[in-house]
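here's a sequence, model it:
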Amino acid sequence: MTMRTGSEYLENLRDGRNVIIDGERIEDVTTHPLTCGYAAQAARFYDLHHEPENQDSLTFVDENGTRRPIGWLYPRNQHDLERRRDYANQVIRSFGGGAFGRLPQSNNGNWYALVDDTAPWAELSKDTPATVDLARNIVADFEANRDADLWTVPLLNDVQRDRSDPEAAARNPMLRVKERNDEGIVVEGWKGVSTSVIFADTILLGNIVKPGTEPEHIIWASVPVNHPKVTHVGRRSNATPAESAFERPLSSLGDELDSMTYFDDVLIPWEHVYHLGNVDHSRLYAQRTFDFEHADTLHHMIVNAELMTGLAVLIAQSTGTAQHPVVGSDLADLVRFHETLRAFSIASEATAFVTPRGLCKPNNIFYDFGRAHYLENVGRLTEKLVEMCGRSAVLSPSAKDFEVPGIGTRLLEMFHGTTLSAHDKVRLFKFVQDRFLSDWAGRFRSFERFQGTPLFLIKLLTMQRISTDPGGSITELAREAVGLGTSDEMTARAVAERKELFGSVTSVATEPARARGADANQGFSLDDKDQPDYIKTQDA
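Numbers count the residues shown, from 1 in each chain. From the prediction side, this is the model:
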């Protein structure tokens, strides 16, 4: 099986997985009111790939002649990245105009950081039997999940704990290796938070290293979501019944749910273990693992910006304010917001780089700065959009109000617009209410703010990928404009001056402050002239 159907996906979900939501054990996530909506949306995701009109845009044929979803396309060049972008755009906009942030296409690319270079995972692992081939395990599990078209969700983060004392990690029941035996490792403890794991097939375990992380916490492996000793505790659902679609057009589609996961003496066979025990190695890979997921996040943000812009135009037309100078200025801001995000995505592909193993990666500098741009501006622009609605953002008739004898006709007269019928006009405002002002919307805002990494961490991690050495290429133009010359000349003058003033040069570097190899593409950029060489595309 290379492209499963929605019905096959739903049948797989009826596997007795342990799910608890708001204190209630969910026996069947495909039928329970709190979970059935999103399960149905995920099933529709799989069915989209089988519709004949989507064959060219959502699927591809690999080198072996096998047709697969483009979400599984292992990119080798810039064209592949563009195909993945167009694929994500079509999928994301097909579900409530970007209502869900974690459909399968956003997660499965997390395998690529491991598959791209399997050797270090095996060579640097701690306390694994010599007979276990960790590198082979990675490739075998990746291919097995790909060939069955499964949904793999990463569990890298830990449940929030007391961070005032690094030793608190030792007291917290974080997931750790409890035992090693001939069959595999036995693990116990909590992992989380993750989105949609309740609806997925496979858990990709890993780590985001924080103060207090110990070797026994470092576990990179895969576990079935339905493992009998794994329990998923989801947050309270914001899903509403399908019949409430007029009042709640988005929450009635379902809630993708975020959850924590507890492993109760779970045996992970050696053939599904990829790496153990090396804190320093694991520290390097949290962000790399999410590289394709974060690129997908930017695609999602672009769709949301397009949605916001379109809603604003419809609202301005329906209220007759489109020609008002203030409204026109706000619309221009929204258009600029959307186009700026698109530019970041295009730039990340145009300056992509190919790793020594042949994986083509979008330039993380551009998609991370794009994510930061979105988070810095989306709140302000959302307020502008809601303000355009005026009182209708919080007060509009229900569908049943229009049916009340006498008053219903008066409501139709009141809400009738030049370009929209009364029902369509109210439907527009209901969408804005559910998307930006409801409980469902509140969770969506939090998801956008914290998914992957919050704003400050996006900036911090991005700067770790840029060389800011004062003697490097990033200062070349400034040094030339000021007349400082080369870094060698700067250092020579500083040495001479200090020797003259103090008779010593011990505290001044005698070697020019160059980037010392960190500057660089090392030939991996698709087009060196388009990429500043101070960007560390190698994740140095």
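
contact partners of stretch 377-391?
With CB atoms under 8 Å, 6 or more residues apart in numbering as the test, stretch 377-391 has contacts from 301, 304-305, 308, 311-312, 315-316, 319, 321, 327, 330, 333-334, 337, 393, 429, 432, 436-437, 445, 448. All C-beta spots, glycine's among them, are computed from the backbone N, C-alpha and C.

filter these to the buried ones?
Buried members of the contacts of stretch 377-391, counted by 16 or more other CB atoms under 10 Å: 301, 304-305, 308, 311-312, 315-316, 319, 327, 330, 333-334, 337, 393, 429, 432, 436, 448.

now do the closest residue to residue 257 other than its chain neighbours, the pLDDT please.
The spatial neighbour of residue 257 that comes closest, neighbours along the chain excluded (CB to CB, 6 or more residues apart in numbering), is residue 234 at 4.6 Å. Residue 234 carries a pLDDT score of 95 in this model.

doesn't residue 20 make contact with residue 234?
Yes - counting by CB atoms under 8 Å, residue 20 is a contact partner of residue 234 at 6.9 Å.

what element comes up after the lowest-mean-pLDDT helix or strand in the chain heading to the C-terminus?
Ranked by mean pLDDT, DSSP states H and E, the weakest helix or strand in the chain is helix 168-171, scoring a mean of 68. With elements assigned by DSSP states H and E, the helix or strand that comes after helix 168-171 is strand 176-180.

need the contact partners of that next one.
By CB under 8 Å, 6+ apart, strand 176-180 touches 127, 185-189, 214, 216-217, 219, 265, 276-277.

list buried residues within those residues.
Buried members of those, scored by 16+ other CB under 10 Å, are 185, 186, 187, 188, 189, 216, 217, 219, 276, 277.

touching, the second one and residue 263? I think so.
Spelled out, that is residue 186. No - Residue 186 lies out of contact with residue 263 (CB under 8 Å); the separation is 9.2 Å.

counting neighbours, which bits of stretch 63-74 end up buried?
In stretch 63-74, the ones that count as buried by 16+ other CB under 10 Å are 68, 69, 70, 71, 72, 73, 74.

so where do the strands sit in this structure?
For the chain, applying DSSP state E gives strands covering 18-21, 24-25, 59-61, 67-69, 152-155, 176-180, 184-195, 202-205, 219-224, 230-234, 258-269, 273-276, 353-354, 360-361.

ok, and what's touching the third one?
Strand 59-61 has contacts (CB under 8 Å, 6+ apart) with 3, 49, 67, 68, 69, 70, 73, 83.

partner strands of that strand and their direction?
Partners of strand 59-61 in the sheet, by DSSP bridges, are strand 67-69 (antiparallel).

who's in contact with the residue nearest to residue 257?
Applying CB under 8 Å, 6+ apart to residue 234 gives the contacts 19, 20, 21, 198, 257, 258, 259.

skip the chain neighbours and tell me the closest residue to residue 262.
Residue 262 sits nearest to residue 231 (CB to CB, 6+ apart), 4.7 Å away.

any idea how far residue 440 is from that neighbour?
25 Å (CB to CB, to the nearest Å).

higher neighbour count, these two?
residue 440 (22 against 18; other CB atoms under 10 Å).

thought the more buried one was touching residue 248?
Yes - here residue 440 reaches residue 248: they are 7.3 Å apart, a contact under CB under 8 Å.

between these two, which contacts overlap?
With CB under 8 Å, 6+ apart as the test, residue 440 and residue 248 both reach 240, 434.

and the nearest residue to residue 99 once chain neighbours are set aside, how many neighbours?
Nearest-residue entry for residue 99: residue 250, 4.9 Å, with adjacent residues in sequence omitted and distances by CB to CB, 6+ apart. If you count neighbours by other CB under 10 Å, residue 250 ends up with 25.

please apply the same query to the one 3 residues further on.
In terms of burial, residue 253 registers 23 neighbours under the definition other CB under 10 Å.

contact partners for it?
37, 38, 41, 95, 96, 99, 100.

could you measure from it over to residue 90?
Residue 253 sits 17 Å away from residue 90, taking CB to CB as the criterion.

ok, now residue 142?
24 Å.

kindly list the longest helix within the protein.
helix 291-319 (DSSP state H).

any idea how far that helix is from the middle of the chain?
Mean C-alpha position of helix 291-319 versus that of the full chain (CA atoms, centre = their mean, to the nearest Å) differs by 16 Å.

what helices or strands is it leaning on?
Judged by 3 or more CB pairs under 8 Å, 6 or more residues apart in numbering; DSSP states H and E, helix 291-319 is in contact with helix 78-93, helix 104-107, helix 112-115, helix 325-350, helix 364-389, helix 422-436.

can you check what pLDDT the model gives residue 531?
pLDDT, residue 531: 49.

what of residue 404?
Reading off the confidence values, residue 404 has pLDDT 94.

just list the residues touching it, thanks.
So residue 404 contacts nothing (CB under 8 Å, 6+ apart).

could you give the backbone dihedrals for it?
In terms of degrees, to the nearest 10, the main-chain angles of residue 404 are phi -70, psi 130.

that one and residue 423, how far apart?
For residue 404, the distance to residue 423 - CB to CB - is 14 Å.

same deal with residue 200?
Residue 200 is 38 Å from residue 423, by CB to CB.

swap in residue 177?
Here residue 177 is placed at a distance of 59 Å from residue 423 (CB to CB).

the two: who's more crowded?
Per other CB under 10 Å, whichever of residue 177 and residue 423 has more neighbours is residue 177, with 22 against 15.

do you know how far the more buried one is from residue 139?
Computed as CB to CB, the residue 177 to residue 139 distance reads 23 Å.

how about residue 420?
From residue 420 to residue 139 the distance is 55 Å (CB to CB).

okay, the two: which has more neighbours?
Per other CB under 10 Å, whichever of residue 420 and residue 139 has more neighbours is residue 420, with 18 against 14.

tell me the pLDDT at the more buried one?
88.

next: the one 4 residues further on.
The per-residue pLDDT reported for residue 424 equals 92.

for the one 4 residues further on, same thing?
Predicted confidence (pLDDT) at residue 428: the value is 95.

before we move on, what about the one 4 residues further on?
Per-residue confidence (pLDDT) for residue 432: 95.

and what of residue 458?
At residue 458, pLDDT is 80.

tell me the contacts of the spatially closest residue to it that is not a sequence neighbour?
In space, and not counting its chain neighbours, residue 458 is closest to residue 372: 4.9 Å by CB to CB, 6+ apart. Residues in contact with residue 372 (CB under 8 Å, 6+ apart) are 455, 458, 459, 462.

what subset of those residues is buried?
Using 16+ other CB under 10 Å as the threshold, 458, 459, 462 are the buried ones among the contacts of residue 372.

dump those to CSV, plus distance to residue 223.
Converted to CSV, the buried ones among the contacts of residue 372 look like this (distance: CB to CB, whole Å):
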residue, distance to residue 223
458, 29
459, 33
462, 32
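
for the residues you listed, which one is nearest residue 238?
Taking CB to CB as the measure, residue 238 sits nearest to residue 458 out of the buried ones among the contacts of residue 372, at 25.8 Å.

show me the contacts for the closest one.
For residue 458, the contacting residues are 368, 371, 372, 375, 452, by CB under 8 Å, 6+ apart.

show the pLDDT at the residue nearest to residue 485 when sequence neighbours are not counted.
Excluding the flanking residues, the one nearest residue 485 by CB to CB, 6+ apart is residue 479, at 6.7 Å. Residue 479 carries a pLDDT value of 89.

my read: residue 479 touches residue 488, true?
No - using CB under 8 Å, residue 479 is not in contact with residue 488; the gap is 11.2 Å.

with neighbour numbers in mind, choose between the two.
Neighbour tally, residue 479 and residue 488, criterion other CB under 10 Å: the higher count belongs to residue 479, 16 against 13.

count the residues that sit near residue 123.
12.

residue 135 versus that one, what's the distance?
8 Å.

then residue 438?
47 Å.

contacts only, for residue 262.
Counting by CB under 8 Å, 6+ apart, residue 262 has contacts 189, 190, 230, 231, 233.

out of the residues you listed, the closest to residue 269 would be?
Nearest to residue 269 among the contacts of residue 262, with distances taken as CB to CB, is residue 230, at 14.4 Å.
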